[in-house]
Each structure stands twice: as structure tokens, then as C-alpha cells.
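Novice: Here is a sequence with its predicted model. Questions after.
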Amino acid sequence: MSRKLLLEHINVPGINTLEVYRQKGGYRAVEKALKTLTPEEIVEEVKKSGLRGRGGAGFPTGMKWSFLAKPEGVARYLVCNADESEPGTFKDRYLMTYIPHALIEGMIVSSFALGAKVSYIYVRGEMMPQIRILEKAIAEAKAAGWLGKNILGTGYDLELYVQPGGGAYICGEETALLESLEGKRGNPRIKPPFPAIAGLYGCPTVVNNVESIAAVVPIINDGGDEYAKIGIGRSTGTKLISASGNLVKPGVYEIELGLPVEEFIYSDEYCGGIANGKRLKATVAGGSSVPILPANLTLKYANGEPRLMSYESLSEGGFATGTMMGSGGFIAFDEDQCIVRNTWNFSRFYHHESCGQCSPCREGTGWMEKVLHKIEHGHGSMEDVDLLWDIQRKIEGNTICPLGDAAAWPVASAIRHFRDEFEWHIKEPVKSQQQNYGIANYAVPIEKAPVTEEK
Amino acid sequence: MLKVEEQTPVEFSSELLAKFDEVKSRYPEGKHKSALLPLLHLVQAEYLWVSTPAMDKVAEYLNIQPIEVYEVATFYTMYFLKPQGKYALEVCRTGPCCLVGAEKILSHLENKLGVKESEITADGLFSFRGVECLAACGFGPVLQISPEYTFYENLTTESVDKLIEDLKNKS
């Protein structure tokens, strides 16, 4: 069994209540932080831990914190990004549903470290049940003196509020989130200035994902060095993986970074293999935005070495043969799934969610959706595949925020690895409406390259 | 989209206004526009949709221009700008849910309810639509029902039938 830091007590009855959470050692980190550590020391521990942003970008959290401007007499804010909308990702919902106090405890410690007196948890609007859970837990914490004025007699004041979104994927982008929190449309801002300088209401602001903030709790309890011992290389600690698609046991798993992908998919401790005795065709390893990989490249690098669940290992080979850790949304496709149909589905998603600010994304996502719809429904031509490639190239890197890239990558990677399946749809317009392309050679195991001895 | 003739004037109850006041108190002085999204949710929970007169009232309450409310209400997909069924069923139609049968659930709902997406059944009880990822991919197919946003996971055509019967009996 691997170590669990966030989900250790997930199955304890009543762990969603303050009482049981306390019995299991909850709020120790608040006591330790507020009574024995300075804000600078907390930032230092988080830096030492090597914790990287769990929302998708993987930027070191401690470093992000150290960029926060601290002008005299200006309020500073911590905003928790609980807008979890990346297809394939549902870990934050899980954490907030079952252990809401883990997030609240992390928010108190992190707010103290950053000098925030008011902090917000921006939760996607569809998660009304989770909003109610968090509000109840905040009321409990406040009644017990963990929030409000003069916490634990230390003179530190903190108010924590939950803000509902309105149903827009784009608000997971931090500057769009801040716009939305200010009561506006979620149009991402041009950076710089970064939120660390001018964020919420123009004040210095840190925006962190739910899981990143919850991870601050074990980091403070055990020390940054201890946390950094878990994992592999620059991928330290544990990570929540949301597993979905055609798996025997989909769900949320906490893994130690560095776990072999093969073990994650097939071992009974995790996903238990592919559902209904079928074979794995492809995976999207980090949420819908990251490149899709055929089964063989999911399990191994192009040189035959096993691929691991870590930031570095998942991106090994670049986009040519690798993918990304992203938000940890692991989607598995069995042999009966159609890559063209799924790519069309994802394009429709990005078209729907594009905020419309930048032309390449606003127009390009719609164009890609239409072309993919055409191919999927048996009306495509060979030029369409090249056209798709051309459109995605023109979106990538040409937009204010990463939604453009996120829309381009799934299309690019699908064409890169599954071009024959696209071409089959075009060559066989009738057959492709009645049956699927199947697994083809996408799962043919990659042999390890023979080692030639140097003389 | 915003047909004037469909819109009757509204007067917010004192209970609703008290909730507005509580929400407004969460933000610093002068930053009350932040309350806009939560307020629209409160309006929708009360009336099951957000009409233009209701938006105008919200603008008046927050002391902002009506256009500032319209532009937000039309940007975010959760706000219904026309009446819905008493139970508005929203089925996730994004990739991971489709891998486990979401499209079948959507077409089943269409047959079962006898209406197309976003239309209301004759008895006024139901409407449905496909929505993008609801962040419950491991438990798909999923649907949520507004205004409470209760979740129903691992759907099958049978469980959808039962859900509809239960809701019918409830009302």
C-alpha cells in the first residue's frame, strides 16, 4: 500500500464533521503554523516540499507564493480554484464532498502564510451540494474558533467565503476566475500583470487549486523535507488521480508520484484493468486537454522503458511520443471506442467553452468541431485531415489564455497517433457508420531497444 | 432570446432580499458587484429561471447597469433565460461520460419524455438538455437536477425511468 496523505481517513465515518476530523489529527497544522511558525517559514516549508500546482500547470506552489507582492496597506487575497471543469477530472469534488475540513484547514494555513485576511473558495456553480457542504464546514470551524477574529488567541483574523461560479470551463483559468469573482464575464486577462501583483480587485492575489491547498496540511505537519521524500525526482509527494472511462474500478486514487502507469491501470489496488475483459486502446492521462496516447505509448516510452505517473515521465518524449500530467484526469479508452468520435466530442466541448475573446480560439474551435463532425459522420475528405492539422497549428500559442492550446492538443495528438483511423473514416464512409475501427496496432507492445555494448 | 412579452414584472420577497444582503456582506466595501453570480443563483432557485425584469431588479439592488447583469447571465451556461420544467435534467455529454453511455441516456430521455432538448413536457414537470463535463467522470453517465443540483450517478435507462417516476410521484 502506498502512503496516503490526503485520503488517509476517507473511509472514517463522519470524517466530514469537525469532531471526527479533529479526532484524526485535523487542524494540527493550523495550531503549529499560527503558534510556532512565521509566514516566511511556512512559505519556506512549502518550497522545500517541492509541491507543484495540482490544477494542471504544475508550477511550484512555494515559488508562486514567494512572488506575491506585499505593498504596505494593501489587502492580499488567497483564492482557491475549485472550478474543476477539465473533462476527466473530479478529484476536487471528491475531496470537498468527503473531507471538506482538509481544504478549510489548508486555506487557514495558506492564508496565514500569505497574509490574507479574507479568502475565497471559488467553486463551480454546478457543485451546489459541495458548496452547501463547505459552507456548513466553515460555520463549524468558525464556531470552534478556527476562523474569524483572533484565531487561537494569536491575533490573526481570517474570514473564509465560498463563491459559486456560473458554469464556465474558462473560469478555471486563474485570471478568468478572478474576473468572475468580481462579478463579470469570465474573460481571461492579459498577463502581465500577474495576479501576484494585481489580482482580485487589483490587489496581490494567489490562486491555488483545491488539492494544492489541501497538500499544505501534511507539509506543515510533517515538514517540507518529509513530503519531498515521497515521489520521484521533481515530482514530489502524492497526487490525486481521477480515473474514468472503460476501467473496472474508476474513481479517485491517491498515488505516490512515480507509480508505473501499467500498475495504475491493471493492479487491483487501483483501477483493476479494463472493464468487460476488453483491451486498452488509448488513454488521455491528464484531463481532456493533454495529448491522447495509444496504449503502447501509454505504458512505455518509445525506447521501451516503462512510463511512470510523474510530471517528467508522462511528458517523456515531448508531444511526439509523450503527454502531460495535467490535472491528473486519467481517461481510458477500450478497443471499441472511436478516436474520431471522441476528438469531435472534445472539440465541441472547447468550442462551447471558448470565451470568444481571441479570434484563433473562437473561430478555430468551431471550425475544428465542424470538420470533425463531418469526418465522424462519413462526409470527410482527405484534405480535411490536413485542414484540421492546419487549424490547430494556428490556434496553439496564439491566444491570451491556454484554452486555445488545450483545444489544439487533443486534435493534434489524435491525428499524430491515429491518422489511419481518421483516413479509414474517410475511405469507408458507410462502414465507419456501422462499425468501429477497432484496436488496430495501437496496443502492440513496444520492445525495449537492444543495448549495444560499447567497445 | 429575451422576448419582452414573456416577461412579467417581479417583486423580490423580503426573505430573498435578506439572503441578498448576507451575500453582499462577503465582499469589501465598494466591491459588491462580486455578489452578482450568487444573486442570480438565488433568483433562479426562487423562480426556476432568470427573467429580464428579475435581472433589472438585481441590477437595481447592486446599483449597477442592467447590461452588466445581462452580459453575465448570457455568458454563464447555468442561468436559464427562459422557463424550464419544474425539474430541469442536465445530462453530461462530454467525452468520459460518452465512453460509458451518456448518448444513450440522452436519447432515452427524449423518447421517455416525448420532448426535444430544452422543451418542456406538457405537464410542466420536466425539461432536459445535454451539458458539458460535470466533474463526475468516474461515476458516469451522470445527470443533475436544478435548482438543488442533486446528482444521479452511474445511470442506466432503468434508473432514469425510476427517477422520472419518483419525481412524478413527488409532485
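Specialist: Okay, I see it. Numbers count the residues shown, from 1 in each chain, chains lettered A, B, ... in the order given.
Novice: Enumerate every residue touching the residue lying closest to residue B:138 once chain neighbours are set aside.
Specialist: Closest residue to residue B:138 apart from its sequence neighbours, by Cβ to Cβ, 6 or more residues apart in numbering or on different chains: residue A:250 at 3.8 Å. Every C-beta, even on glycine, is put in place using the N, C-alpha and C of the backbone. By Cβ atoms under 8 Å, 6 or more residues apart in numbering or on different chains, the contact list for residue A:250 reads A:243, A:244, A:271, B:137, B:138, B:139.
Novice: name the element residue 16 belongs to?
Specialist: Assuming you mean chain A. Counting by DSSP states H and E, there is no helix or strand that carries residue A:16.
Novice: that's the other chain; I wanted chain B
Specialist: Under the criterion of DSSP H and E, residue B:16 resides in helix B:14-24.
Novice: what's the next secondary structure element after that helix?
Specialist: Beyond helix B:14-24 in the direction of the C-terminus, DSSP H and E gives the next helix or strand as helix B:36-47.
Novice: Tell me the helix or strand right after that next one.
Specialist: Heading C-terminal from helix B:36-47, the first helix or strand you meet, by DSSP H and E, is helix B:52-62.
Novice: chain center to that following helix, what's the gap?
Specialist: 18 Å (Cα atoms, centre = their mean, to the nearest Å).
Novice: Check stretch B:161-171 too.
Specialist: For stretch B:161-171, the distance to the chain centre is 19 Å (Cα atoms, centre = their mean).
Novice: Give me the contact list for that stretch.
Specialist: B:86, B:87, B:112, B:113, B:125, B:126, B:145, B:152.
Novice: C-alpha coordinates for that stretch, PDB please?
Specialist: What follows is stretch B:161-171, C-alpha atoms only, in PDB (Å, rounded to 0.1, in the frame of the first residue of the first chain):
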ATOM      1  CA  ASP B 161     -37.100   5.600 -15.700                       C
ATOM      2  CA  LYS B 162     -37.300   5.100 -12.000                       C
ATOM      3  CA  LEU B 163     -36.000   8.600 -11.300                       C
ATOM      4  CA  ILE B 164     -38.700  10.100 -13.500                       C
ATOM      5  CA  GLU B 165     -41.400   8.100 -11.900                       C
ATOM      6  CA  ASP B 166     -40.200   9.100  -8.400                       C
ATOM      7  CA  LEU B 167     -40.200  12.800  -9.400                       C
ATOM      8  CA  LYS B 168     -43.700  12.500 -10.900                       C
ATOM      9  CA  ASN B 169     -45.000  10.900  -7.700                       C
ATOM     10  CA  LYS B 170     -43.300  13.500  -5.600                       C
ATOM     11  CA  SER B 171     -45.200  16.400  -7.300                       C
END
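Novice: List the buried residues of that stretch.
Specialist: Buried residues in stretch B:161-171, counting neighbours by 16 or more other Cβ atoms under 10 Å in any protein chain shown, are found at B:163, B:164, B:167.
Novice: can you check stretch A:183-201 too?
Specialist: Under the neighbour-count criterion of 16+ other Cβ under 10 Å, stretch A:183-201 has A:183-189, A:194-201 buried.
Novice: can you check stretch B:60-74 too?
Specialist: So stretch B:60-74, judged by 16+ other Cβ under 10 Å, has buried residues B:61, B:62, B:64, B:68, B:69, B:70, B:72, B:73.
Novice: And the helices in chain B?
Specialist: Applying DSSP state H to chain B gives helices spanning B:14-24, B:36-47, B:52-62, B:66-75, B:95-99, B:102-113, B:157-170.
Novice: deepest of the ones you listed, which one?
Specialist: Counting by mean count of other Cβ atoms under 10 Å in any protein chain shown, helix B:95-99 has the highest mean neighbour count of those, with a mean of 29.
Novice: So which residues make contact with that one?
Specialist: Helix B:95-99 is contacted by residues A:87-88, A:244-246, A:284, A:288, A:331, A:333-334, A:337, A:341-342, A:345-346, A:349, B:91, B:133-134, B:137-138, B:140-142 when judged by Cβ under 8 Å, 6+ apart.
Novice: Helices of the stretch 1-150 of chain A, start to end?
Specialist: A:18-23, A:28-36, A:39-49, A:61-66, A:91-98, A:100-114, A:128-143 (DSSP state H, counting those that start in this stretch).
Novice: What angle do helix B:36-47 and the last one make with each other?
Specialist: Relative orientation of helix A:128-143 versus helix B:36-47 (axes from the mean of the first three to the mean of the last three Cα atoms, to 10 degrees): 110 degrees.
Novice: can you list contacts of helix A:128-143?
Specialist: Helix A:128-143 has contacts (Cβ under 8 Å, 6+ apart) with A:16-18, A:82, A:93, A:96-97, A:100-101, A:103-104, A:108, A:121, A:123, A:147-148, A:160-162, A:164, B:148-151.
Novice: Low-confidence regions, the chain specifically.
Specialist: Assuming you mean chain A. Along chain A, segments meeting pLDDT under 70 span A:1, A:449-455.
Novice: looking at chain B here, not the other one
Specialist: For chain B, the stretches flagged by pLDDT under 70 are B:1-6.
Novice: mind listing the strands for the stretch 251-400 of chain A?
Specialist: Along the stretch 251-400 of chain A, counting by DSSP state E, counting those that start in this stretch, strands occupy A:251-256, A:259-260, A:280-284, A:292-294, A:308-309, A:329-334.
Novice: I'd like the ones you listed as JSON lines, with mean neighbour count and distance to residue A:78 appended.
Specialist: As requested, these are exported to JSON lines (neighbours: other Cβ atoms under 10 Å in any protein chain shown; distance: least, Cβ to Cβ, whole Å):
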{"stretch": "strand A:251-256", "mean neighbour count": "21", "distance to residue A:78": "24"}
{"stretch": "strand A:259-260", "mean neighbour count": "20", "distance to residue A:78": "31"}
{"stretch": "strand A:280-284", "mean neighbour count": "27", "distance to residue A:78": "31"}
{"stretch": "strand A:292-294", "mean neighbour count": "25", "distance to residue A:78": "35"}
{"stretch": "strand A:308-309", "mean neighbour count": "25", "distance to residue A:78": "29"}
{"stretch": "strand A:329-334", "mean neighbour count": "28", "distance to residue A:78": "24"}
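Novice: wait, what's in contact with residue 88?
Specialist: Let's take chain A. A:242, A:244-245, A:284, A:286-288, A:327, A:329-331, B:95-96, B:133, B:137.
Novice: my bad, chain B
Specialist: Here residue B:88 is in contact with B:48, B:80, B:126, B:127, B:128, B:129, B:145, B:146, B:147 (Cβ under 8 Å, 6+ apart).
Novice: quick one, domains of the chain?
Specialist: Reading this off chain A. A:18-229, A:239-334, A:339-434 (automatic domain parsing).
Novice: actually it's chain B I care about, not the one you picked
Specialist: Domains of chain B are assigned by automatic domain parsing as B:4-75, B:87-170.
Novice: Rebuild those domains as CSV, extending it with distance to residue A:416.
Specialist: Below are the domains of chain B laid out as CSV (distance: least, Cβ to Cβ, whole Å):
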stretch, distance to residue A:416
domain B:4-75, 34
domain B:87-170, 18
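Novice: for the ones you listed, which one sits closest to residue A:446?
Specialist: domain B:87-170 (24.5 Å; Cβ to Cβ).
Novice: The closest one: end-to-end distance?
Specialist: The first residue of domain B:87-170 is 11 Å away from its last residue (Cα to Cα, to the nearest Å).
Novice: before we move on, what about stretch A:5-21?
Specialist: Using Cα to Cα, the two ends of stretch A:5-21 sit 14 Å apart.
Novice: Likewise for stretch A:184-191?
Specialist: End-to-end distance of stretch A:184-191 (Cα to Cα): 18 Å.
Novice: cool, stretch A:165-184 as well?
Specialist: Distance across stretch A:165-184, first residue to last, is 11 Å (Cα to Cα).
Novice: For chain B, see how far away residue A:439 is.
Specialist: When distance is defined by Cβ to the nearest Cβ, to the nearest Å, residue A:439 is 15 Å away from chain B.
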